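Trainee: Just to be clear, the model below is a prediction. Sequence and coordinates:
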Amino acid sequence: MKFCNLASGSRGNCTIISSDRATLMVDDGLNIRTLSERAREANIDLRKIDAILITHEHTDHVKGVSALVKKYSIPVYCHRESRKGLDAAVSPYVFDCDMDAPFEIGDICVTPFRLPHDSNYNLGYGLSDGRKKIAIATDLGYMNDAILDNLTDSDLVMLESNHDREMLRTGSYPFMLKQRIMGKNGHLSNDECAESIAKLAARGTKHFVLSHLSQDNNTPELAFECTAKALENARFVEGADVYVDTAMQYKATGKIILD
Ligand SMILES: [Zn+2]
Ligand SMILES: [Zn+2]
């Protein structure tokens, strides 16, 4: 399987996963022009997308869906509660999916699981072609054993590393917004992400992609160092035993090929 993130963060999210017989997009929070540019740079043909999987209906995850569906008539999968947040014009292309109800697109088995967030609903996805598995969990207020179990046995996990707690605490955001981000239905901090990644590495996952980094309350260096330190404390060497990449807002990651 192959993984490529085209954008990650509160200004737009989009990830492409492909196998031998299917290409899936997870979220499309980019306008069609930016998406087309980013896809061209990453050598991805948008006409080959078989389906769009939506995590939740927040703008940074769905803003581009309507234009893309109108252009290429791509089927969209999302939870029925998130469907309410989509443009009514795409309705004929939308299929409901639900936590713990796996379904197949081509040779990829998609297993949705629930994540705690202040949207109508939020889904993470496990994606497996029977040989390799990729899991995506973004926009979650906290980690728990059930979520960790859904991420287990993955070859690659893309997990939110949203904020540095200290930067958020001392930063300029209004009190209510800080409370929202730190709350049970907000976003995962670097510390929580790092702790989860160390646990997943102990269970055998080798590739990690840090995602949805805050532009104001985080830096790629802080997020990476936090996870690298947690891995080191668990006696894993980043770059040798396990690999950590960081998904960015304004450029695509390289293509990660799992074989
Ligand atoms: Zn988001
Ligand atoms: Zn969100």
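Mentor: Received it, and whenever you're ready, just let me know what you need. Ligands and ions are numbered 1, 2, ... in the order given.

Trainee: can you pull up the bridge partners for the closest residue to I257 other than its chain neighbours?
Mentor: In this structure, I257 finds its nearest non-sequential neighbour in K2, 5.3 Å apart by C-beta to C-beta, 6 or more residues apart in numbering. Yep, even glycine has a C-beta here, placed from its N, CA and C like the rest. Beta-bridge pairing for K2 (DSSP bridges): S18, I257.

Trainee: who's in contact with K2?
Mentor: By C-beta atoms under 8 Å, 6 or more residues apart in numbering, the contact set of K2 is 16-19, 255-258.

Trainee: Mind checking which of those are buried?
Mentor: Buried members of the contacts of K2, scored by 16 or more other C-beta atoms under 10 Å, are 16-19, 256, 258.

Trainee: Reformat these as CSV; add pLDDT.
Mentor: Compiled in CSV, the buried ones among the contacts of K2 are given as follows (pLDDT from 0 to 100):
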residue, pLDDT
I16, 98
I17, 98
S18, 98
S19, 98
I256, 97
L258, 97
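
Trainee: can you list the residues you listed in JSON lines and add distance to ligand 2?
Mentor: Output for those, formatted as JSON lines (distance: C-beta to the ion, whole Å):
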{"residue": "I16", "distance to ligand 2": "20"}
{"residue": "I17", "distance to ligand 2": "20"}
{"residue": "S18", "distance to ligand 2": "25"}
{"residue": "S19", "distance to ligand 2": "27"}
{"residue": "I256", "distance to ligand 2": "24"}
{"residue": "L258", "distance to ligand 2": "27"}
